[in-house]
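Colleague: Sequence and predicted structure below; questions after.
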Amino acid sequence: MTEEIVKTALSKVMYPGFTKDIVTFGFVKDINIDGSAVSFTVDITSNAPEVADEIKKEATKALASAGATAINCHIQAPVIPKESSSQGKNIAPQVKNFLMVSSGKGGVGKSTSSVNIAVALAAQGLKVGLLDADIYGPNIPRMMGLNGVKPEVTSNKVMPLKAYGIEMMSMGALMDEGQALIWRGSMIMKAIEQFLRDILWSELDCLVIDMPPGTGDAQLTLAQSVPVTAGLTVTTPQSVSLDDSRRSLSMFKKLDIPIAGIIENMSGFIAPDTGVEYDIFGKGTSQPMADEYDTKIIAEIPIEPAIRTGGDEGVPIVFSNPTCESSKRFIAAAASVWATIEEINANGGVDNKGVQPTTPPGVSACSTGAAPEPKKEASSDESCGTGCGCH
Ligand SMILES: Nc1ncnc2c1ncn2[C@@H]1O[C@H](COP(=O)(O)OP(=O)(O)OP(=O)(O)O)[C@@H](O)[C@H]1O
Ligand SMILES: [Mg+2]
């Protein structure tokens, strides 16, 4: 028995309901031959059990007539995404889950992590969107290879751009390259709302949201506009970054956002020539902080030149080299985040009722003279906590 014979036999198996066979579709993978014993995987796009059963039956028949004596056909179907059971205000109801990627400090690798986690989630078979909520410093278009690409606008609604099977929107795609933005808090709040309401996002399993650094208006507005299913904090191992990351974790708690974990980025250095890992900024220093907030470090991502070039060249490392060490860690982190999201939904989801503003969206409680109610201290250091966008 040879691979050629196996493929020829399997090319007689039509995908149910189509005139094309499973080999031509590219669904047959991992063929293993041992004498006349054959094992293989058929990676299908349907969850219907009758499709799996029929392919298995027809494939077994075709291989038996080609002379195989033992046949092991493994059918791999996509993960069925769990519906979100979240409640409260949701201005983007077609999105089932929202993942907020935050950090206390700038430049620690939020955008890099957001892009690679999004690509890894999509590779799991999930329908994923990526929103670049960093209004001042939108880097996602470059990192997704979409720099300079303009979206289609139809009657005041904007189509998201697409790359690597992911829908994406960013202020960078809406304004001219290199243009500086000087915005007040209330304008940031409006921009975030429009990103959720006026972009034609599909029915997404998960929208990954890359936040600007800090704990300000953008984070608060997002939490008030949609029930954020989980929050992910990105930090580097130095103490100065950890101090700021504590603020980010504390913000999740105050905004009633369950914490999906911490990514410790720039944790060690992998030399590109030898593959040897060196400790530069320290490693594993985030563990006490994870314990303090009852969460876990879901990945230690080393400094690796290929991560930076992947970002600069618009080809995320998880896509270009999914088997390298950093990609494996991003992929494991994405799997952990998704498991947390499923668990949150299984336990009733999230509710953002407790963080709603005391003034209408976009209206500053400070500028209207309304006394801010001490309802909920929403963003610890930088805002008055009423959702007014006064800082
Ligand atoms: N693990 C890594 N190894 C090598 N380079 C990295 C790594 N993580 C991030 N970088 C690079 O560091 C720079 C900053 O990363 P990134 O833009 O993702 O940070 P950020 O937290 O989103 O920054 P900002 O706060 O400005 O939005 C980028 O050039 C990125 O390619
Ligand atoms: Mg960024």
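Modeller: In hand now; what should we look at? Residues are numbered from 1 along each chain as shown. Ligands and ions are numbered 1, 2, ... in the order given.
Colleague: list the helices and strands the one helix or strand D30 maps to packs on?
Modeller: Using DSSP states H and E, D30 falls within strand 28-34. For strand 28-34, the contact count by 3 or more CB pairs under 8 Å, 6 or more residues apart in numbering; DSSP states H and E identifies helix 3-10, strand 37-43 as packing neighbours. Quick note: C-beta positions are derived from backbone N, CA and C, even for glycine.
Colleague: List the buried residues for the shortest one?
Modeller: Read that as strand 37-43. Burial within strand 37-43, assessed by neighbour count using 16 or more other CB atoms under 10 Å, is assigned to 38-43.
Colleague: what's the following helix or strand after that strand?
Modeller: Later in the chain than strand 37-43, the nearest helix or strand by DSSP H and E is helix 49-65.
Colleague: what does that following helix rub up against?
Modeller: Residues from elsewhere that reach helix 49-65 (CB atoms under 8 Å, 6 or more residues apart in numbering): 6, 9-10, 12-17, 22, 38, 42, 44, 46, 71, 73, 75, 77.
Colleague: for stretch 191-203, same thing?
Modeller: Applying CB under 8 Å, 6+ apart, the set of residues contacting stretch 191-203 from outside is 91-92, 94-96, 127, 129, 131, 133, 135, 154, 156-160, 167, 169, 171, 183, 207, 218, 221-222, 225-226, 361-362.
Colleague: Mind listing what's buried along that stretch?
Modeller: 191-193, 195-196, 199, 201.
Colleague: Confirm for me that S114 is in contact with V208.
Modeller: Yes. Between S114 and V208 there is a contact at 5.3 Å, judged by CB atoms under 8 Å.
Colleague: For the two, list the residues in contact with both.
Modeller: Here S114 and V208 share the contacting residues 101, 130, scored by CB under 8 Å, 6+ apart.
Colleague: Kindly export stretch 11-22 (C-alpha atoms) in PDB.
Modeller: Extracted as PDB, the C-alpha positions of stretch 11-22 are listed here (Å, rounded to 0.1, in the frame of the first residue of the first chain):
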ATOM      1  CA  SER A  11     -10.500  10.500  -4.400                       C
ATOM      2  CA  LYS A  12     -13.600   8.400  -5.200                       C
ATOM      3  CA  VAL A  13     -15.300   9.600  -1.900                       C
ATOM      4  CA  MET A  14     -17.500  12.600  -2.700                       C
ATOM      5  CA  TYR A  15     -18.100  15.100   0.100                       C
ATOM      6  CA  PRO A  16     -21.800  14.600   0.900                       C
ATOM      7  CA  GLY A  17     -23.900  17.100  -1.100                       C
ATOM      8  CA  PHE A  18     -21.100  18.200  -3.400                       C
ATOM      9  CA  THR A  19     -19.700  17.000  -6.700                       C
ATOM     10  CA  LYS A  20     -16.100  17.300  -5.400                       C
ATOM     11  CA  ASP A  21     -14.200  14.500  -3.600                       C
ATOM     12  CA  ILE A  22     -12.500  14.800  -0.100                       C
END
